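> Kindly generate the corresponding structure for this input.
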Amino acid sequence: MWRTILVLLMTLIAVPWLTFNMDTPLSGHQMDVLKMLLWTYGIAAFCTFAVSAITKNYSQVDKLWSVIPIAYVWIVAYHSAFEPRIVLMAGMVTLWGARLTFNFARRGGYSWRFWEGEEDYRWAILRAKPEFQAPWKWFLFNLFFISGYQMGLILLFTLPAVKAMDSVNDLGIWDIVLAALMLGLIIMEFIADQQQYNYQEAKHQLIREGKPLNAYYKVGFTHTGLWAWMRHPNYAAEQSIWVVFYLFSVVATGIPFNWTIAGCLLLILLFKGSSDFSEAVSAEKYPAYKTYQKRVGRFLPFKGKYNH
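Numbers count the residues shown, from 1 in each chain. Predicted structure coming up:
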């Protein structure tokens with residue numbers, strides 16, 4: 001576990017640093033905007049760490065995951081004098097964030113007492129592991145991974161907007177294609193989350209009422225609709241959204257690979273680790289899950305459809 005954490009922290013620093021130094025230098029204006037974003041990140045990361053350490057609710061980053069990217073990209077849009085492509089990028093991120101915020105809110109993620117709200121179940125499972133029994137170990141994990149790494153990653157995957165300030169191409173048809181593709185992925189993520197929400201709500205309603213579960217709900221996990229083709233269709237869409245967002249910087253600069261690719265690559269790495277952990281929990285909890293894993297692809301629908 002600690003080895004994995006150290007690797008993630010090293011990649012958060014090393015990958016952006018290497019790609020940044022191999023790319024063309026930023027202009028003075030871009031550097032000023034980047035410094036402003038870094039200050040915003042530092043303040044947000046400190047606040048999430050402080051609040052989580054005091055309240056013992058470690059989902060503070062989750063509350064900002066869908067909100068702070070909107071702020072980041074609109075800061076860039078403002079300092080670009082609302083350049084059309086960056087306004088389009090900011091608009092797409094706003095749409096993405098509004099949908100994700102709604103989904104998080106209806107699951108109890110927010111409270112009028114901002115430090116409260118439902119905590120991600122995985123943090124409690126991690127805290128119970130032997131390697132985190134010493135309070136100082138969990139303190140460091142919260143500081144460097146939950147708050148520092150995750151908040152840093154959020155900043156990284158929004159930085160293509162800064163690169164797009166170095167535009168050599170006007171807003172054109174490829175930007176519209178990317179916006180349409182990003183919209184399609186947002187819709188896909190909405191459908192996947194809605195299917196999961198409907199299934200879990202109906203299952204838990206039956207449990208609360210003391211009614212027996214039929215075969216469909218006895219499975220325990222969402223396994224129809226998009227979930228019959230991919231084990232994590234919402235994760236697949238989320239990762240793809242930020243790959244497409246990166247491509248806006250490619251269209252703007254005409255450079256296929258630039259330093260801001262680090263954000264979406266590290267996001268893919270995070271989702272790989274997150275899904276590994278979630279699936280280990282599901283496989284232990286639901287007898288049919290291992291069969292589901294064998295029959296259905298994780299992020300791509302290439303294995304086939306699950307029929308229970």
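> List the contacts of residue 217.
199, 202-203, 206 (Cβ atoms under 8 Å, 6 or more residues apart in numbering). Just so you know, the C-beta spots here come from the backbone N, C-alpha and C atoms, and that holds for glycine as well.
> run the last query once more with 7 Å
202-203, 206 (Cβ atoms under 7 Å, 6 or more residues apart in numbering).
> quick one: it is in a strand?
No. Counting by DSSP: H, G, I helix; E, B strand; the rest coil, one finds residue 217 to be helix, located in no strand.
> Just the pLDDT at it, thanks.
The per-residue pLDDT reported for residue 217 equals 92.
> Residue 292 too?
On pLDDT, residue 292 comes in at 94.
> what do you get for residue 16?
68.
> so can I have a markdown table of the contacts of residue 217 showing neighbour count and pLDDT?
Shown next, in a markdown table, are the contacts of residue 217 (neighbours: other Cβ atoms under 10 Å; pLDDT from 0 to 100):
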| residue | neighbour count | pLDDT |
| --- | --- | --- |
| 202 | 13 | 94 |
| 203 | 18 | 94 |
| 206 | 14 | 93 |
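> Inside helices: which ones of those residues?
Mapping those onto helices (DSSP state H) picks out 202-203, 206.
> would you turn the residues you listed into CSV with distance to residue 75?
CSV is the format used below for the ones in helices among the contacts of residue 217 (distance: Cβ to Cβ, whole Å):
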residue, distance to residue 75
202, 41
203, 42
206, 46
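> Wait, residue 159 touches residue 263, no?
Yes. With contact defined as Cβ atoms under 7 Å, residue 159 reaches residue 263; the gap is 5.8 Å.
> any idea where the helices of this protein begin and end?
Remark: helices assigned in the chain by DSSP H are 2-22, 28-55, 60-65, 68-79, 84-106, 121-127, 135-141, 150-158, 160-163, 173-208, 215-218, 233-253, 261-285, 289-295.
> between these, which one is nearest to residue 224?
Using Cβ to Cβ as the measure, helix 173-208 is the one of those that comes nearest residue 224, at 7.2 Å.
> Show me what that closest one is packed up against.
Applying 3 or more Cβ pairs under 7 Å, 6 or more residues apart in numbering; DSSP states H and E, we find helix 173-208 packed against helix 84-106, helix 215-218, helix 233-253.
> Can you get me a residue count around the closest residue to residue 103 other than its chain neighbours?
The spatial neighbour of residue 103 that comes closest, neighbours along the chain excluded (Cβ to Cβ, 6 or more residues apart in numbering), is residue 193 at 4.9 Å. Residue 193 sits with 23 neighbouring residues when counted by other Cβ atoms under 10 Å.
> Local confidence estimate at residue 193?
Looking at residue 193, the pLDDT reads 96.
> What distance do you get for it to residue 107?
Per Cβ to Cβ, to the nearest Å, residue 193 is found 9 Å from residue 107.
> again with residue 35
35 Å.
> Then residue 26?
39 Å.
> go on, residue 140?
29 Å.
> before we move on, what about residue 230?
In terms of Cβ to Cβ, residue 230 sits 21 Å off from residue 107.
> quick one, which of these two is more surrounded?
Taking other Cβ under 10 Å, residue 230 and residue 107 do not tie; residue 230 has more neighbours (21 against 15).
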